Structure formats: C-alpha cells, structure tokens
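S.K.: Have a look; sequence and predicted model below, questions after that.
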Amino acid sequence: MNALPFTIYVSFAGALLALAAGTRSHSAARWIALVTALTSFALTLLVASSFVPSPGLQTIIDLPWIAELGIRYHLAADGISLTLLVLTGLAATVGVLFSWNIEHRVGEFFALYLILISGVFGVFLSADAFTMFVFYEIAIVPKYFLIANWGSPATREHAAMKLVLYSFAGSALVLAGLLWANAVAIAHGSVSSFSLNDLAAAATHFSRGEQIGLFALVFTGFAVLAGMFPFHTWAPTGHVAAPTAASMLLAGVVMKLGAYGCLRVAMPLFPVGLAFWQPTIAALAIIGIFYAGFIALVQEDFKFVIGYSSVSHMGFVLLGLAAANSTAVAGAVLQMFSHGVIAGLLFAVVGRMVYERTHTRQLADLRQLPLHRLLPFAALTFVLAGLASMGMPGFSGFPAELTILIGVWKTSPAWAFFAGGGILVAAAFTLRAIQVSFFGSTQLSPVAASASEPTHAGSPLHYEPITLAEKVGTALLLAATVYIGLKPDVLLDWITPALQSPLMQGALKGGSL
Amino acid sequence: MNTIPLLSLVVFTPWIGAAVLALLRGTSPATTRALTLAFSLSTLALSGLLLTQFDPNSLSPQFVERHTWISALNVHYHLGLDGLSLLLVLLTGILTPVALLASWSFLSPSPPLSVSPSSGPRLFGSLFLLLQGAALGVFLALDFFHWFLFWELSLVPAFFLIKLWGGPGAPRAAYQFVVYTIGGSAFMLVGFAALFVAVGTLDFTQLAQLGRDGTLAAKLPGGAHEVVFLGVLLGLAVKVPLWPFHTWLPATYAEAPTGASMFLTGVMSKMGVYGFVRILWPVFPVPLHNAAPWLIALALGGVVFGAFAAMKQTDLKRMVAYSSINHLSYCLLALFAVSYATGRNVATGPAASAALSGTLLQMFNHGLSAAALFACVGVLQTRKAHALSRPSGTGVPPVSLHDFGGVRTAAPIFAGLCGLSLFSSLGLPGLNGFVGEFLIFRGVFGLHPAAAAIATLGLLATALFLLTFWQRVFHGPRAGVTATAFSDLNSIELATLLPLVALMAVFGLFPGLLTGLFNPLITSWADHLTLP
Amino acid sequence: MVPEAALVIGALFVLALDIAYGRRRTLESRLYIAVITGTVAVVAAMYGAFSSGLADSVFGGALILDELTMATRLGVLVLAWITLTLAGSTARLRHPAEFVAIVLFATAGFTLMAAAHQLLVAFVALELASLSLYILAGFDKSKPESAEAALKYFLFGGMSAAFLLFGFSLIYGLTGSIELHEISAHLAGHPPTPLLSVALVMVLVAFGFKAAAAPFHLWAPDVYEGAPVSSSALIASASKLAGLTLFVRLLWPGFGPGAGNVSTAAGAPGWLAIVACLSAASLLLGNFAALAQPNLRRLLAYSAIAHAGVMLLGVIAAGDAGNGPLFYYVFTYGIATIGAFGVIAVIERTSPCQRITDLAGLYRRSPLLTGCLAIYILSLAGIPPLAGFFGKFTVFAAALNLGGLAGPAGWLAILAIFLSAVALYYYLIVLKQALVCPAPVAPSAAPSSSVPDRIPVPPDAAIVLVFAALLLLLLGLFPSVLLRIF
C-alpha cells in the first residue's frame, strides 16, 4: 500500500530525467520513459498482489499541507482506486511502447507524457478534494502540448485548445463547487476542510437546494471530462488529433478521471443532489450512448469512429453511476477499466499501426486496400479489440456491461432496455469499422490487384512490418482484456468491498451483488 | 462423476485445434487440411464415447462439470449433457467434417485468389473449428454466462467465413446477419440481467426450477416478467429465425460459402431452437403459455410464407434458405402448441410427447437434409463456375433454377443423392424427414387442430417447390450449364454427400436409434405439463 | 523608516557615484555599477524592513508597522531587486544611474505606501511613487511610444491624484482627522452622508486607476506596450502590490464602517458595492479584451486588468478573511508578471518582442526562457501547483466564505472562476507560440541553417528568472509560508 504514492513521484522524476536526457539521446529518453512507466506499473501490481479489500479508503499518507484552510496532503486508496491505478500503469507502459517511433522532441514528449501520468496517479490516490483537484489540473495542461506538438497537423491546434478549454471549464465548475461546499460547510459550523470525509460529514447538514446545486456543479464539472453528452464534443476531436499514445491515454485513462471524480466526489458528498439529478444523468447517458453510436456509424474518418465509440462507451459508465446502486457502480468501475484497455487497443491499431503506415484515416481510402493481407497483425488485433468493444463475452467489456445491466435494471428496467439497444448500436458501428477498414476489399479490385503484383517493387502497398514494441504493447492489452473477461472476479472483489464504505453507502441504495 | 472432463474435451478440442492451426506457420495445405478434419472429427469420436456411457433413462444432466467461476456474479462453469444436448452434439459432430469436405477447395493447395492470404487454408480451418467449438459450447453449457459466451462467439467465425469466402453480396449479408443477431442477443442479455436481479442465479437448471414453481414470476412483479420474457424471446427468435425476424437469413445463407451455409442451417439455427427448448420454455412457462396463440401464428407464418417464398425463388440457394425457415418453423410450432395446450383441459399427454419428439427429431433431420441440399447446390455452383471457366472460388456464381436441365442423365450419382435429400426434406416416408414431420403434425393436431390444418398449406407448398427443383434441374433436356460438360461427383463431393444421405436413410428406417436417446426425457416433460 | 532611508540614500549614492566616476566609463559599466549599488541599497532596505519589528503606531500614528507592512515592504523590495537585476542585464539606457536611482525612489515610495496610516502620508507616498513611475515610463527617449506612454500615464495619474486629494480633503472635512483610526471611529459613530459617499467614490476612482481596474484601466495597455520593459515590469508588479496594500488599509481600517455589505443579496449599501462593480467590470473586460490581442504586452496588460478584478475581490474579502489571501495573490501575481516581462526583456536584447508571434520557436532558441515563461504564464493562468492557482483558490474561498452564493461576492467569485477558463485560452495562445510553433527562419540567415539563432541569456538575468520561477513553484506548493504571516 505504502508503495502507491511512489507511482506519482517516480513518474514525475522520470519526466525530469527524460527531459534532461532527451537533449542528448533520443533513445535514452525512450528507455527512461519505459522504465519509469514499467516501474509504476510494477508498483501497482505489487500492491495489488497483496491488497486486502476493505470498505473505505485505506490511508497511506496524511500530512497537514495548508493549515490555514484545513487542506491536507492526504493520499489513500481502496479497491476502486487500485483498479484504476493498475489501469493507469498498464496504459502508461503500453503508451510508451506505442510512442517508440516518435522522433521529434523526444525528451519533451515523454516528459509531458509522464507528467500527465503522474497527475493521473495523483487523482486516483487523493482523499482530499484539494489534493485531487491539484493533480487533476496537473493532468490537464500537458494534454494541450502533447496534442498541439505531436498531433496530426491539420487539426491539432484547434483540437488541443478545445480539449483543454473543455477540461478546464469542467474543472472550473468543480472548483466552484468545492469552494462553495466549503463555504456552506463553514456557514453550518464546520471548520474549513477539503477532506472528502469531512466534506461529506458536513454536507449532511446542507439544505436540499444546496445539495442539488452543489451536485450539479461538481458532477457536471467532472462529467465534462468523462465525455457526458452534451459536453462530449472535445473528446472525438481531441482523440483524433492526438498522437497515438495520447489518444490511448486520453480515451483510456483521462476520461476515467472524470468518471472517477463523479464517483468519488460528487456522489458520496451530495447524495440528496444525486437522487434529484439521477434521471437527468441517466437520460443524458443514454442519449450519449445512442447519439455517439449513431455518429460513429456514419463516420468516414476511421479515428473518429473510435473517438465517438469512446463517448458511447463512457455513456455506459455514466449510466452505471446514475443507477447508483452497488452493482451498477461496480459495473461502471469495471467498464472504466475495460474501456481503458480496449480504447487503448483500438487507438493503437488505428493511430499507430494503420495511420502511420498508410497515412490515411479515411475509410473510403482504406476500403481500397486489402489491409487484412497487408497488415494481418493489425487486422487480428483490431478484430479482437472490436469484439471486446462490442461487449463480446470472453472479453472484459462483457462482464462490465452485464454487471451494469444488472445494476441498472434494479434501478429502472426501462433504462436497462435502452442500454441493451446501446449494445446493439455499438455492435453495429464496430462491425462496420472492422468490415470497411480491414476487410474492405476482399474481392480483388483492379487497383489492388495491379498494386499487389510483386513486380511493383516498392509500391506503396508494402508497409513496414509491425515492430516488436507494438507487438508487446498489443499483447499486454489483449491479455488484460481477456483475463478480466474471463476472471472479472479479480477486480470485482476489490471494487465491491470499496462500495460498502459508509461514505459510498450514503450515496448508493445498497443492493450488493 | 467422471474423472476426465469429457464435456470440456468435447467443447475445447476444436478450439485447441484452431489454436494449433493458427500457431503452426508454414504448414503445407495438405497438413492443414488433415489437421482440420482430424480435429473436427474429434467431436464425433468423443460423442461416440459419450454414447457408450450415456444413460437415456436418467432425467438429469449427465457428465456434469461444475466449478465456481465468478463468485461476484454467482457464475459457475457448469456443463451437462442430456438427451437433447447429446442429439445436437451428434449432429454437430456429423455436420462439421462434412461441411469441411464441402469446403475442400478453400482448404486446397492453391488457395482461391479472392482471399489469398498465404494463410488462407489455415484461417479457414481455424475459423471453422472455432465455430464448431462455440456451437458445442452452446449445446452443453448450463450457465447463462458461458452459454452466452459461446452463443456470441459463434458469430465471429461465422461472420468472417461468410465475409471472406462468400459471394459478391457477402459483406453486406454478413454484417446484417451479425447485427441482427447481436441486436436480439442484447435484449436477451438485458432479460438475463433482470433475471439475475430477481433470483441471483443464472444457472439454467436452477432457473428452470424457479420458473416451474412460480418463484420467478413472484420475484418479477408488475409486467417485468413479461418484459424479460420478450427480451429473451427476441434474442432466440432472431437466431432461429422465427417469422418475421427472418429477413437476414436468405441473403446470409445465399451469400455464404457452401460449407458455411451447411453449418449455419444445420447447426447454428438449431442453437436458436435449442434455446427455446432449454431456456424459454422451462424458465417462462406462463408467459410462453400466454403468448402461445400469437407465437403459433408467427410460427405458422414461417411455415406458410417460408414455403411460398421458396416457391417464388429462382435462385436455388435462396430457395433452400427459405425452405429452412419453413422447416424450422415446424419445430417451433410444435413447441408453442405444447405450451398452448398446457393447463387447458385437453388430453395432452400423448400428443405433447409426440409433438416434442417431433421437434427434436425435426431438428436433427433438418440438419441432415438442409445441409445435404446446400451441399448439392454447392456442387451445382462449382459446375456452373467451371462452365463459365472461372477459377473456383472467384466469387461463386449464383445458380438459378433455369441454369440447368437434365442433370440426371449427365450425373446420375449426383442426381440420385440429391434426389434423396430433396425427398427427405419433403418428408417422404422411409426417409428421415418424414418421421419428424409426422410426429409434429400428429402432436399439433391433438393440441391445436386449427394450426395443424393451416400448416398443411406449408406442407403442400414445400412439396411443390422441391419437386420443381427436382424437375427443372434434373429432368428434361440437357440445357444451360448441363449442355456442355457436366461431370459427376468427384470423390470429395461423394464423401460429402454420401454420409449425409446414408444417415437420412438409416434414421428414416430406424428412427428409434434417435428417439431412444431422448424418449424418457420427453415422456417426463410431457407428464409434467402444468403451469405453476 | 530604515528601508526608505536606505533606499533614498542608495539612490543619491548611485547618482553621486555616477557623477564622480561615470564620465570616463562605458555605458555598460556605468549601468553595472549603478545596479550593484542599487542592489546593495535594496538589500539594506530589506534588512531594515525585516528588523524594524512590529509597532502599532510610529511617528504619532503616521505610519503603522504591522504584518501587512512588513510583508508588503519585503515583497516590494524583492520585486524591485528583480527589476534592477533585469534592467542591469538587459536595458540599454543612456542614463543608467538615473534609471536605477529613480527605481530606488519609486521603491521608497512603495515601502512608504505599505506603512502609511494617515491620509497625508499616504498621499505623499503615493505621489513619490507615481512621479517616479511617470519618469520611468518615459525613460526611453528614443522611442515615441515611450513618451506617449509616459504622457498618458501622467495625465491619468495626475487626474486620479486630484480625485484622491479631493476625496481626502472631503473626508478630513467630514471627520476632522487624517488619522485612519480616528476617521474610522467617527464614521462608526455617525450615519453616512451624501458627501461621504462622494468622498468615497473619489477615493475609489483613484484606487481604480492605481489598480488598473476597469473602467479606469485605459492607461494600462499603452503604458505596458510603450514603456521600457523594466519600467513596465515595475509598474505591473511592485506598484500594484504597494497600491493594493495602501488602499486596502485605507478602505478597511479607515473607511471600514462605510463598507456596507455584499455578502447577501440585500446587504447594506457602501463602498463594497462599488468595488464589486469595478471587480466585475475588470474581470469581464480584461479577460475578453485579452482574447483579441496580437500584441504580447497589451495582452499582459489586459490580463493585468483581469487580475485586478480578482484583487478587488480579495479586497472585498479582506474585511472578513484578513489580508492574507489578497497579499498572497498580489505578490505571486507580481512575481509572475515581472518574470514574464523579464523574459520579454531578455528576448528584446537580440530581436524585437512585441507581438505574440515573436515568441515562435522559443523552445529552440532558448529552452531556459521557455521553461521559465511557461511557469510564469501557467501561474498567471492559475494552474496548480504554481502559486497563481493557490492565490486564486484562497481569494475565491475567502469571497465565498462571505456568505456562499447568497450575495454578489459569491457570484463574483463564481464569475471569476469561469472567466479563468476563458483566460486559459489566451495564455495558451502565448505558450503555443513559445512551445509549439516552429521559429520563423530569418530571411538574413543562411538558407542552410534551419536552426534559428539561440538567444543568449545573461547569467544574472538567468538567476533572477529561475529564482522567480522557483519562487512561484515553492510558494504554490507551500502557500502556508506566506499565509502564516497574517
């Protein structure tokens, strides 16, 4: 347990080292980043291996920080944090592997990348709202530079700005909510504190109106980052413009920050507000699932398909949270993990394996290429990732969606049926993507036929082979999704006790698995 | 209890085969072929072993394997085998090798250009073995979690088999097929989520128990019970398919390569019917009973419209596809009729047991005859492709009724075997199709006479179009493709058709061989037809 | 009075030294000597400020030495030191000694403002500082913009001084005293009169001018743009800090009873309402006008106006939460701004730096400047863990603690929080040029060299810039260091 904060420090130290090393040797920066990410990942796994689930956060470190405002540097973890920490470690490691081919300003790239990672680790470990907010913002700014510097040239500046402003506007809402909550707590006679426990205790005295308003502020603020409709528009643009590793992290981990904030801060603190807004959130989540799904169904840009699919899948997470019972929330956390892994895979294929070889993301162009022959490994990966994304049993998406469905049914059968429809939409757009992108030209079209003749030496249809780094990264992610698909217990046994804590139970209506 | 997990072996041997094929790079196509066939035959061999130890008189599942899997969702790895499962395992065991033989060209040393990854044969073989394993898993799983896993995973290899090796319209057909099926499955999943909320288990035997004694209905008040029923019904109905959820079927069957069509109609459509018998009927006796009049109407729709639509087709594959809808609707008709009659003051015992036996037999028989018919159409396709001097595999040409004539004189052996399949499908006494349909009609007459009367219309139409097929293609002057060179069956094609036709004859003459496996089960079902 | 004495003596010494020895030396060495002498004076003043201890009343109540005085004095001196060092390494002035001397005079004015506890002393201190600043703004005689800036600054400043004096005289007339605590006692004992309102409005107008709050901000963009960089830096940082301290002291301990109430919707009327209006106007105008600025210095000016809005919010909250949040905010803002101007100054040694696009490719030309600039700008934007974030946080927290969202103060805080998202946009535009955009290839450069010229950074400038950046980081991580003073 005590090793967990070192994920933050190690990542940050790694960022400085990579920055320093990058000026001299690119490969040194790469290896530093890889070793850093692996160390963090190993730390999370090490803790996970001896983790004893218990209700409530297990405090790791708790120091007074800014005594004047009652702010403490308070790090703690429970099963939910641990799940997401492991995900972050995994995604970070794989992200480095998929950035191995970056040649431009390598040191800076990995420095920003690792700062982002350390911020993410920090958020998942914080038990003090102020601490969490600080880490949350630390994670926001590097995204701008990662996308604006290394993204795809056409849209990167616009996309980066949009993404960061959305995130920042969301965090402004959160900040407003936290400060207001603190003010109200003081007005009700509490001492100034931003500890989640203290705030939750104080919030029990809040009036209904205050709870409703505060919940709206804080939840919306976090939900922006989780890609909740109608605040999702940053996500597809951002994901598409970002370099592969950043897309993987954005969709895989950063969107989870938002959902985690909703779960860790908004819901336990303001249960009355939650009860009030529950139907609205569910409605927005369902609209998001369908809206993003339908858009993904007609997208002509391969990466946009995946970008919108992320929004659609995060809709399931939000729906699970909105259902607000132990099962649904456990499913939502499982889905966060699962989507983190699967989105990583999908972006890895689309952004790295395909785009950087074919230099096109237009489905219309890809349709002309017999890609499954040219890049069989990418095709296989994408098919497996696509299946996982569809919620095919045997992959992690399935137990997650099943658990969410079970939980949502407890709250409202109608929502569950909408969610079922959402699964169908997800299947439709994923299948279309698989079909059009990799298997677009099974019939030997004249163009492809002439181009694939071996006589055309050096024809554009010969792509560099998939590198070892890519293969290792893919294998890690695939192993994770299959392992959790077959043994969701591993995570559910961490998550479920965490939801039994008094803090969570205040927000949830009980009904454990 | 067995020390050897026989059922797991049955399910996973094909998957191991698929993995072996996928991992063995650079094997010669001949080795690939041999390996694929050998692994696919494992089911038949293992089910032979099962047959020797199977006790038909035991009513509970046998060879049970049960291990805790996901405690949070109360999921157990639970496999079991009863007469119904055994029948379908046998069917899978027979049909898979045969379907592989029908796809011999895809496994041949010179892979067809259209696919032509050098891994073509290996890919085809692994996909087929994956499909086989998934189907076996569906028939043996007794817990929703992995039942659904197999159920959904079967779509994946099927999708790629159709898409990569199918006809010109295959991409669209494959897409439609999978999306329709997943659409149904999604609602089934919601239904099972609701069941889990209500009773906290997804074990089929426990669910059936709870369904029978009415606990389930009590735990799902206020219409939720019916909604859940509808969700599960939808998932199964798309798979069979029940009219009017059949629209994906003709295109899919028509575009799929011959071997895949055989497997789809022979085994995968049975997964749906199996679901009806294994899940829907025991778990939801009351909603099924209440919905039975409507469902009977839908099944009749399938029987009648399926047959008439088949009559209108000129494309032979589509004709056979529609005939499948017709035949499978008989199975469902019988089941719905039994459910309809349950609890009404009708002397149901013998009629119900006849209808149920008929359902099970029809599942098996239709598997044989429809697969044989698709194999025959496949033969016609290769002949036509040959006549058009297109290399085999470059997009199989659609074959129409009018492409042929006088095949009987050109290829007497083929004509004989195809004729037998046609007549089996038509329900000629002495061949296997007759027994099943006869029992179904007998049962349904006793349970719901009006439905039986209407269903005869379908019988009539079936006779008409099958005879048209027979007459147009095999009789008359040699015309069209047949006019030039039309070679008779080669050894591979013979190996494909002969076992099927032989089995048709055997089971036509000795249906007891099959009924013996499940008679005690049927009797016990028929004896306990009560509503909670 | 030790700091002021040290500064004034230092200034005179600088001048004398230059007259005595400067004639035969180069401009550079004259500047060097002047800056070193000035730095010694500043350090001496720091020691004086630090060792003077606390006293409620000095010179018969003319001055006060409380925590705020000490903090402000030290803060102002730190900022002055940074200004001097930057000027020493970057400025190319024709009269280096005079420049340094005037900076020292201005600083003496600032430290006096920090301690003033009587209307007359306050006015004199303010005028000492202002007059010095007018000169500093126009110091670059070679540039017409500089003269324009000085004139504009002088005219607005003179007008505001007139307002202030008029206001003071009215207050004296009403209360019969220039001692702040006596004024306060009188105001508490008597109901407000219309004349008092007029007086308060006049004081606030002057205050608005000093803080560059809308609608009295008009001088700021032109001065920031036209004045020599070091002068702009001083005007933007130390002058603000001293001015805020002076006025918060005038307003709360002096006119506190006339404050009224803005923590509830229907609070009593008073000068707080006016400050709230100024604050809202500054926030809106500053943030939105900054969006459209292609000129880096004007952008900083508008951002300063926006920050003034937050500072006014801090003034509103100071009555309840004390001066801690306000001081923290203004001081860290000063450090960040002076740092940003310092970066501009260093760049200007080799190439012009007026437009934002002039920063393009800075990451190639000087990683050190880029890193420092990123820290300053992100601190201005309020990104944790930098000090700018915590400054905002504590001011907003104080404002919200006045009464939650029941009154204008709370809503003003919410408005400021949301506008900080707007602000991020223009700050990122600046950083985008510095960190993302490639450097334009100079037409004079040889076509083969695609690597742009590196910008040489003088070591002393590098030290103060890094010092400022580290200060922002450390103060952000450990804000208690400053907050504990109050």
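M.R.: Perfect, I can see it now. Numbering: from 1, shown residues only, chains lettered A, B, ... in the order given.

S.K.: and B:F486, what is it in contact with?
M.R.: B:383, B:387, B:407, B:410-411, B:478 (CB atoms under 8 Å, 6 or more residues apart in numbering or on different chains). Backbone N, C-alpha and C define where each C-beta goes, glycine included.

S.K.: State the three-state secondary structure for the residue in the stretch 251-400 of chain A that chain B sits nearest to.
M.R.: The nearest approach of the stretch 251-400 of chain A to chain B comes at A:P393, 3.4 Å away (CB to the nearest CB). Classification of A:P393 by DSSP: H, G, I helix; E, B strand; the rest coil places it in coil.

S.K.: so what's the nearest residue to it once chain neighbours are set aside up against?
M.R.: Excluding the flanking residues, the one nearest A:P393 by CB to CB, 6 or more residues apart in numbering or on different chains is B:L149, at 3.4 Å. Counting by CB under 8 Å, 6+ apart, B:L149 makes contact with A:393-394, A:398, B:137, B:141.

S.K.: Can you tell me the number of residues neighbouring B:G166?
M.R.: 25 (other CB atoms under 10 Å in any protein chain shown).

S.K.: Give the residue spans of the chain that score low on pLDDT.
M.R.: No chain specified, so I'll use chain A. In the predicted model of chain A, residues A:440-462, A:509-513 satisfy pLDDT under 70.

S.K.: switch to chain C, that's the one I care about
M.R.: Segments of chain C classed as low confidence (criterion: pLDDT under 70) are C:91, C:441-452.

S.K.: From chain B, how far out is A:V106?
M.R.: Taking CB to the nearest CB, to the nearest Å as the criterion, A:V106 is separated from chain B by 35 Å.

S.K.: Revised request: answer the last question for C:A188.
M.R.: Between C:A188 and chain B the distance is 68 Å, computed by CB to the nearest CB.

S.K.: what's around that residue, how many residues?
M.R.: That count, for C:A188 with other CB under 10 Å as the rule, works out to 10.

S.K.: Likewise for B:A495?
M.R.: By the criterion of other CB under 10 Å, B:A495 has 15 neighbours.

S.K.: Identify the residues contacting residue 419.
M.R.: All of this refers to chain A. Taking CB under 8 Å, 6+ apart as the contact definition, A:A419 lies against A:286, A:289, A:316, A:319, A:401, A:404-405, A:408, B:190.

S.K.: should've been chain C
M.R.: In this structure, C:L419 makes contact with C:283-284, C:287, C:306, judged by CB under 8 Å, 6+ apart.

S.K.: now do 6 Å
M.R.: Shown in contact with C:L419 (CB atoms under 6 Å, 6 or more residues apart in numbering or on different chains): C:283, C:287.

S.K.: Helix or strand: which one has it?
M.R.: Under the criterion DSSP states H and E, the helix or strand holding C:L419 is helix C:408-435.

S.K.: returning to what we had before: going by neighbour count, which of the contacts of B:L149 are buried?
M.R.: In terms of neighbour count (16 or more other CB atoms under 10 Å in any protein chain shown), the buried residues within the contacts of B:L149 are A:393-394, A:398, B:137, B:141.

S.K.: Go through those and name the one nearest B:N57.
M.R.: Taking CB to CB as the measure, B:N57 lies nearest B:A141 of the buried ones among the contacts of B:L149, at 23.6 Å.

S.K.: now the nearest residue to that closest one once chain neighbours are set aside: how far from B:A134?
M.R.: Taking CB to CB, 6+ apart, and ignoring the residues beside it in sequence, B:A141 has B:W147 as its nearest neighbour in space, at 3.8 Å. In this structure, B:W147 and B:A134 are separated by 11 Å, where distance is defined by CB to CB, to the nearest Å.

S.K.: For chain A, what's its nearest residue on the stretch 1-150 of chain B.
M.R.: In the stretch 1-150 of chain B, the residue found nearest to chain A is B:L149; the distance is 3.4 Å by CB to the nearest CB.

S.K.: Strands of the stretch 1-150 of chain B, start to end?
M.R.: Across the stretch 1-150 of chain B, reading from the start of the chain, the strands by DSSP state E, counting those that start in this stretch fall at B:62-70, B:75-81.

S.K.: would you turn those into CSV with mean pLDDT, distance to chain C and mean neighbour count?
M.R.: CSV is the format used below for these (pLDDT from 0 to 100; distance: least, CB to the nearest CB, whole Å; neighbours: other CB atoms under 10 Å in any protein chain shown):
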stretch, mean pLDDT, distance to chain C, mean neighbour count
strand B:62-70, 82, 41, 17
strand B:75-81, 85, 44, 22
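
S.K.: I'd like the ones you listed written out as TSV, with distance to C:S51 added.
M.R.: Output for the strands of the stretch 1-150 of chain B, formatted as TSV (distance: least, CB to CB, whole Å):
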stretch	distance to C:S51
strand B:62-70	72
strand B:75-81	76
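
S.K.: Output these as JSON lines; include the columns distance to chain A.
M.R.: Rendered in JSON lines, the data for the strands of the stretch 1-150 of chain B read as follows (distance: least, CB to the nearest CB, whole Å):
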{"stretch": "strand B:62-70", "distance to chain A": "5"}
{"stretch": "strand B:75-81", "distance to chain A": "9"}
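
S.K.: For C:P325, find the nearest of these.
M.R.: The nearest among the strands of the stretch 1-150 of chain B, by CB to CB, is strand B:62-70 at 52.9 Å.

S.K.: Now do the closest one: which elements does it pack against?
M.R.: Packing partners of strand B:62-70 (3 or more CB pairs under 6 Å, 6 or more residues apart in numbering or on different chains; DSSP states H and E): helix B:6-23, strand B:75-81.

S.K.: of all the ones you listed, which lies closest to A:T430?
M.R.: With respect to A:T430, and counting by CB to CB, the nearest of the helices and strands packed on strand B:62-70 is helix B:6-23 at 22.2 Å.

S.K.: who's in contact with C:I82?
M.R.: When the contact criterion is CB under 6 Å, 6+ apart, the partners of C:I82 are C:338, C:464.

S.K.: so A:F270 touches A:L217, yeah?
M.R.: No: the pair A:F270 and A:L217 fails to qualify as a contact (CB atoms under 6 Å) at a distance of 9.4 Å.

S.K.: who has more neighbours, the two?
M.R.: When neighbours are counted by other CB under 10 Å, A:F270 and A:L217 differ, and A:F270 comes out ahead with 30 against 24.

S.K.: Please give me every residue in contact with that one.
M.R.: So, once contact is read as CB under 6 Å, 6+ apart, A:F270 ends up touching A:203, A:211, A:214-215.

S.K.: list the contacts for the residue nearest to C:G138 when sequence neighbours are not counted?
M.R.: Residue nearest to C:G138 in three dimensions, not counting chain neighbours: C:A150, with 2.7 Å by CB to CB, 6+ apart. Contacts here follow CB under 6 Å, 6+ apart; on that basis C:A150 touches C:134, C:137-138.

S.K.: out of these, which one sits closest to chain B?
M.R.: Nearest to chain B among the contacts of C:A150 is C:A137, at 71.2 Å by CB to the nearest CB.

S.K.: so where do the strands sit in the chain?
M.R.: With no chain named, the answer covers chain A. Along chain A, the segments classed as strands by DSSP state E run A:58-66, A:71-77.

S.K.: that's the wrong chain, I wanted chain C
M.R.: Counting by DSSP E, chain C has these strands, from start to end: C:55-58, C:63-65.

S.K.: how about these in a markdown table, adding mean neighbour count and distance to B:W248?
M.R.: Formatted as a markdown table, the strands of chain C follow (neighbours: other CB atoms under 10 Å in any protein chain shown; distance: least, CB to CB, whole Å):
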| stretch | mean neighbour count | distance to B:W248 |
| --- | --- | --- |
| strand C:55-58 | 13 | 90 |
| strand C:63-65 | 21 | 87 |
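
S.K.: could you dump those to TSV with distance to chain B?
M.R.: Output for these, formatted as TSV (distance: least, CB to the nearest CB, whole Å):
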stretch	distance to chain B
strand C:55-58	68
strand C:63-65	67
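
S.K.: Good, wrapping up.
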